[in-house]
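A.B. asks: I would like to see how this sequence folds:
(2 chains)
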Amino acid sequence: MKIATFNINGIKARLETFTSWLESAQPDVVLCQEIKSVDEAFPRQPIEDLGYNVETHGQKGFNGVAIVSKLPLEDISRGLPGDDSDEQARWIEATVVGDHTAVRLCGLYLPNGNPVDFDADGQPIRDGKYGYKLDWMDRLHARAKVLMAEEMPALMGGDYNIIPQSEDAANPKAWEKDALFLPTSRQAFRAILNEGFTEAFRARTQAPGHYSFWDYQANSWERNNGIRIDHFLLTPQCADLMTDCWIERDVRAMTKPSDHVPVWIELDA
DNA sequence: ATGCCTAATGGAATTAGA
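C.D. replies: Okay, the predicted model is just below:
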C-alpha cells in the first residue's frame, strides 16, 4: 500500500498538476493539505474519474484537508478533537483495509504559527498565531496518545510545519526565530514522537539535505534552499508494516508546481 | 532588515503562507 502526503496549495489552481501526478504516480492513498476550497467546490469528478474516492474537510479561502484513495474510506472523522470553537479545517481521519490489515489514517495541516512575538528575555510568547500553533499541537498530542493506546496500525501524515533538526534545513540559521524551528516548536513535536511514534523518513536515513518544501520566492528551488516539514508519524504497529519511505523531489519541477512535494510511505498492509 | 512569489477573495488591495 503506497501512501503519500501532499500539500497541494490550492486544489482549484493545482488540478491539472495534481491529476497528472495521480495518473503517473498511482498512489493508493493521498493525504492532501491546503485544498483552499469549501467541500462543495472541490473538483471531485476529475479525481473520481481516475478511480479515486474523495473525502474532504474544507473551508473558505484557506486551509482544508482531504483524503484521496483507491481503497474505500471508512469511519471518516473531520476536525481535531479538543476545541469546539476551532473553525480551521486541518484534520481528517479515515480507515482503509489492506490485504492483511486495516490502517487508521490521519491527515493533518499543522498551523504555521508565524509571526512570533518575543518577551524581553527573547523567549517566544504563547499568544496569537504562535499560541494557536502550540495549543493545536497539545490537542494533536492528546489525539496521538489515544491512537497509541489503541495499539493498532495508525499513522499521522501531513504538513507539520515543523523543521525537526538543523539537518532538515538548507540554511538553519535563517529559521532560528521562526515558528517552524523554534526550540519550543521542536520540543512539542518531539514530545509527540516520544509517545512511541516512528518518524518514517528518519527511520530510513539520517542524512541531511532532504527537503519537502521550497519557497516560491527568491529562487529557493533553483538554489535548493529547502526545508523538510512534511512528515509521517507511525504507531509501532504501523512502523512494523513499513517497507519504504521517500520524498518525491522532482514534483517541485513540474509545470505550475505546489511549493511542497509528496512524501511517500509504503506499507505491507 | 525587507521583499522576493503564489493563491483566494472579489473585482483592488489585502490576507496568508513559510
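
A.B. asks: A:V251: what secondary structure?
C.D. replies: Secondary structure for A:V251, judged by DSSP: H, G, I helix; E, B strand; the rest coil, is helix.

A.B. asks: in terms of contact, does it touch A:D259 like I think?
C.D. replies: No. A:V251 is not in contact with A:D259 according to CB atoms under 8 Å; the separation is 10.8 Å. For glycine as for every other residue, the C-beta is placed from the backbone atoms N, C-alpha and C.

A.B. asks: Name the residues that touch stretch A:159-176?
C.D. replies: A:5, A:7, A:33-34, A:108-113, A:133, A:179-182, A:185-186, A:189-190, A:199, A:202, A:206-211, A:223-231, A:260 (CB atoms under 8 Å, 6 or more residues apart in numbering).

A.B. asks: Apply 7 Å and report the result again.
C.D. replies: Outside stretch A:159-176, the residues within contact range by CB atoms under 7 Å, 6 or more residues apart in numbering are A:7, A:33, A:109-113, A:180-181, A:185-186, A:189, A:208, A:211, A:224-231, A:260.

A.B. asks: Give me the buried positions along that stretch.
C.D. replies: Judged by neighbour count using 16 or more other CB atoms under 10 Å, the buried positions of stretch A:159-176 are A:D159, A:Y160, A:N161, A:I162, A:I163, A:P164, A:D168, A:A169, A:A170, A:W175.

A.B. asks: so what's the last one scoring on pLDDT?
C.D. replies: What it means is A:W175. Per-residue confidence (pLDDT) for A:W175: 97.

A.B. asks: One more: the fourth one?
C.D. replies: A:I162 is assigned 98 on the pLDDT scale.

A.B. asks: and if you look at the first one?
C.D. replies: At A:D159, the predicted lDDT confidence score is 98.

A.B. asks: Can you pull the phi/psi pair for it?
C.D. replies: When quoted as degrees, to the nearest 10, the phi and psi of A:D159 stand at phi -90, psi 100.

A.B. asks: OK, now which residue of the stretch 1-150 of chain A is nearest to DNA strand B?
C.D. replies: Closest contact between the stretch 1-150 of chain A and DNA strand B, by CB to the nearest atom of the strand, is at A:G10 (2.8 Å).

A.B. asks: same question, the stretch 151-269 of chain A
C.D. replies: A:A218 (2.9 Å).

A.B. asks: isn't there a strand covering that residue?
C.D. replies: No. Per three-state DSSP, A:A218 lies outside any strand segment and is coil.

A.B. asks: and it, what is it in contact with?
C.D. replies: Contacts of A:A218 (CB under 7 Å, 6+ apart): none.

A.B. asks: returning to what we had before: out of the contacts of stretch A:159-176, which are close to DNA strand B?
C.D. replies: A:N7, A:P111, A:N112, A:L180, A:I227, A:I229, A:H260 (CB under 7 Å from any atom of the strand).

A.B. asks: Just the buried subset of the contacts of stretch A:159-176, written out for ChimeraX, thanks.
C.D. replies: In ChimeraX, the members of these classed as buried (16+ other CB under 10 Å) are selected with the following command:
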select /A:7,33,109,110,111,112,113,180,181,185,186,189,211,225,226,227,228,229,230,231,260
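
A.B. asks: Select from the contacts of stretch A:159-176 every entry located in helices.
C.D. replies: A:S185, A:R186, A:F189 (DSSP state H).
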